[in-house]
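what's the 3D shape of this:
(2 chains)
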Amino acid sequence: MMEAGLKLRAAELDALMPMHVAVDSHARIVGAGRALRRITGPRAAVGQDFFDGFRVLRPEGVETAQALFNRAGRALTIAVPLTLRTVTLRGHLVRIGGGAGLLNLALGVSDLPDLGGADLTAADFAPTDPTLDMLYLMEAKELAFAESRRLIRRLQEAKTRAEEAALTDALTGLGNRRALDLILSATIADGQSFALCHVDLDYFKSVNDSLGHAAGDAVLREVAERLSAVVRASDTVARVGGDEFMLLLPGMLEVDRLEEIAARIVGELGRPVPFGERTCRISASIGISLSTDYDPPDANRIIADADAALYASKGAGRSRHMFHDPGHRRDRGPPGEPLALGQARRD
Amino acid sequence: MNGLAARAMQRFVTDTYGEALWRRVIGEARLSVSAFEVMLCYPEDYAPRIVAAAATVFGRPQADFLEDLGTWLVADERNVPIRRLLRYGGADFTAFLESLDDLPDRIRLAMPGMVLPRLRARTLAPDLYSVTCSGSPPGVAHVLVGLIRAMADEYGALAIIEVEDDEEGGARDPAPLAEAVRLSVSVPSARYFEGRDFHLGGGTR
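Here you go, the predicted model:
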């Protein structure tokens, strides 16, 4: 079978190369290794035409014995269509004299995980064959990855909890000042215009003083709910201080709509809050600034001006709202509201 | 990474004895962490403290607790992936024993940086092996005793596994744990009964 007097019997060839197919010059199968026979069944039986059971996928056009032998020594990708699936093999053909050829094959990567569906055992592989090590590594990696994924999931959950805690007001569940600052700067960075409402509760201190902190907490929770009910889902409500809230309303620039919203907030927060047998009464003062009054919009100035407008509302008798007025444009204050107050406190 | 040992003990105790007893073990060990991760590093003394605490809580020698852990690693249904990986060591129990030297390197192929002991298997006679296990994590040699016993069952082998006493005799009880353990494993029959079914490439299907 080989030069220099080295001849191998079929059993010896089988032991060395359990995945081989030997073909004669007409590509008729003259022998096959035990592992290959287990995978391909009768397709590798002696006497079969190689091309009946095996199809060369790459390179294309290898469909005859001559083409197969012309390809000797170079890589082949071969498909074996079985009853339930197609198994992909790779390998090469070596001419072994007498016009015959020896194809040594291995499972393609996609068929490695389950060995092409064949019930192979360790005895079907030569000790030099790394297939078993590949299988071992695939299973070991799967185990290692499962542990890594578990760890990553746990760390991610912990991170999310920590982040939420850092941005959430524990009492009301609203965003806190940090959350508002983040959303405000993101909105400005996106180039989106918005209205910012600074809401301060009137008489909250007297609720706390007369009915206790538990009542104060109940009021704050109720305020949070009422504010959230007034705004759209896309708006942000944050508790930015003891009894101070801020509303960020993206795209809300129509004065009439803002008037309406501010009036609803004043109305909603003016409704009494029941606390046990008692009733807590507060009201709300609001200052509003619009990002379109600034070029470029500056978060600190927008907040400061909303704050100034808020104090103008307080000064004008509480339970009302006022717009920050940049001074150079049309009157936009509600009838009877002294615009000058907002203006005077601007600087 | 030395989280493997602590994580294995956590799972063994919670799966076998329940969450409440695991919390008692952690309390006894005076540890502030109760959930461990294979992929993380913990202070060196955590694993030995858990073992000592478990021995106290369960009222058993440390070596016995670790042997049970080794058996559980192989035999428990929840550990099929681990059992499968060990089965890649060889087609039968004696081949498995002969491949033990390579086991730490194999594990490190998949999980680089893993802290693992040194293993050395010697064939003394056709059916007699000597296995030595040394190094960290501490007490790992006793885990190996349980693991090898369970693997013999896994393969269906008739095997007698004994921990050899050191020169002073009686290294096992009471604690401290032996740093290195030499086992004698005699295998009168590698296929004494039907072992557990094992198919190559079935693990990721």
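
And A:Arg153, how far from chain B?
Note on A:Arg153: its distance to chain B, by Cβ to the nearest Cβ, to the nearest Å, is 11 Å. For the C-beta atoms, the positions are set from N, CA and C on the backbone; glycine is no exception.

residues near that residue, how many?
10 (other Cβ atoms under 10 Å in any protein chain shown).

who's in contact with B:Ala54?
Residues near B:Ala54 by Cβ atoms under 8 Å, 6 or more residues apart in numbering or on different chains: B:Met9, B:Val13, B:Val25, B:Glu28, B:Gln62, B:Phe65.

tell me which element the residue nearest to the second one when sequence neighbours are not counted falls in.
The shortest distance from B:Val13 to any non-neighbouring residue, by Cβ to Cβ, 6 or more residues apart in numbering or on different chains, is to B:Trp22 (4.5 Å). Counting by DSSP states H and E, the element that carries B:Trp22 is helix B:19-28.

Mind listing what's buried along whichever helix or strand comes after that helix?
Sequence-wise, the next helix or strand downstream of helix B:19-28 (DSSP H and E) is helix B:46-58. Buried positions in helix B:46-58, judged by neighbour count with 16 or more other Cβ atoms under 10 Å in any protein chain shown: B:Tyr46, B:Ala47, B:Pro48, B:Arg49, B:Ile50, B:Val51, B:Ala52, B:Ala53, B:Ala54, B:Ala55, B:Val57, B:Phe58.

What of stretch A:124-137?
For stretch A:124-137, by 16+ other Cβ under 10 Å, it's A:Asp124, A:Phe125, A:Asp129, A:Thr131, A:Leu132, A:Leu135, A:Tyr136, A:Leu137.

in the chain, which spans are helices?
The chain I'm using is chain A. In chain A, the helices defined using DSSP state H lie at A:10-16, A:34-40, A:50-53, A:65-70, A:131-167, A:177-189, A:204-211, A:213-230, A:255-270, A:299-315, A:339-344.

wrong one, chain B
B:3-17, B:19-28, B:46-58, B:62-75, B:80-87, B:93-98, B:103-110, B:140-155.

which residue does chain B bring closest to chain A?
Nearest residue of chain B to chain A (Cβ to the nearest Cβ) works out as B:Ala110 at 3.2 Å.

For the closest residue to that residue other than its chain neighbours, give me its contacts.
Setting aside the residues directly before and after it, B:Ala110 is nearest to A:Ala140 in space (Cβ to Cβ, 6+ apart), at 3.2 Å. Taking Cβ under 8 Å, 6+ apart as the criterion, A:Ala140 is in contact with B:Leu85, B:Arg106, B:Ile107, B:Leu109, B:Ala110, B:Met111.

do the same with B:Val74
By Cβ under 8 Å, 6+ apart, the residues touching B:Val74 are B:Ile82, B:Arg83, B:Leu86, B:Gly146, B:Leu147, B:Ala150, B:Met151, B:Glu154.

thinking the second one is in contact with B:Asp153, fair?
No. Counting by Cβ atoms under 8 Å, B:Arg83 does not reach B:Asp153; the two are 10.7 Å apart.

neighbour-wise, which of those two wins?
B:Arg83 (20 against 17).

Just the mean pLDDT for stretch B:80-95, thanks.
Stretch B:80-95 carries an average pLDDT of 90.

In it, which residues are buried?
Quick answer for stretch B:80-95 (16+ other Cβ under 10 Å): B:Ile82, B:Arg83, B:Arg84, B:Leu85, B:Leu86, B:Arg87, B:Tyr88, B:Gly89, B:Gly90, B:Phe93, B:Thr94.

Of those, which are in range of chain A?
Among those, the ones lying near chain A by Cβ under 8 Å from any Cβ of the partner chain are B:Ile82, B:Arg84, B:Leu85, B:Tyr88, B:Gly90.

residues from chain A in reach of chain B?
A:112-115, A:119-123, A:132, A:135-144, A:147-148, A:150-151, A:154.

hmm, which of these are the buried ones?
Buried among those (16+ other Cβ under 10 Å): A:112-115, A:120, A:122, A:132, A:135-140, A:142-144, A:147.

Counting by contacts, list what the helix holding B:Trp22 packs against.
helix B:3-17, helix B:46-58 (3 or more Cβ pairs under 8 Å, 6 or more residues apart in numbering or on different chains; DSSP states H and E).

Tabulate these (CSV), appending mean pLDDT.
Conversion of the helices and strands packed on helix B:19-28 to CSV gives the following (pLDDT from 0 to 100):
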stretch, mean pLDDT
helix B:3-17, 93
helix B:46-58, 94
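
So for A:Ala165, which of those helices sits nearest?
Evaluated over the helices and strands packed on helix B:19-28, closeness to A:Ala165 peaks at helix B:3-17, with 26.2 Å, by Cβ to Cβ.

picking up where we left off before, would CSV of the helices of chain A with mean pLDDT be doable?
Output for the helices of chain A, formatted as CSV (pLDDT from 0 to 100):
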stretch, mean pLDDT
helix A:10-16, 92
helix A:34-40, 94
helix A:50-53, 96
helix A:65-70, 96
helix A:131-167, 89
helix A:177-189, 93
helix A:204-211, 92
helix A:213-230, 95
helix A:255-270, 95
helix A:299-315, 95
helix A:339-344, 41
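
Check the ones you listed for me and report the most buried one.
Each of the helices of chain A was scored by mean neighbour count; the highest is helix A:34-40, a mean of 23, by mean count of other Cβ atoms under 10 Å in any protein chain shown.
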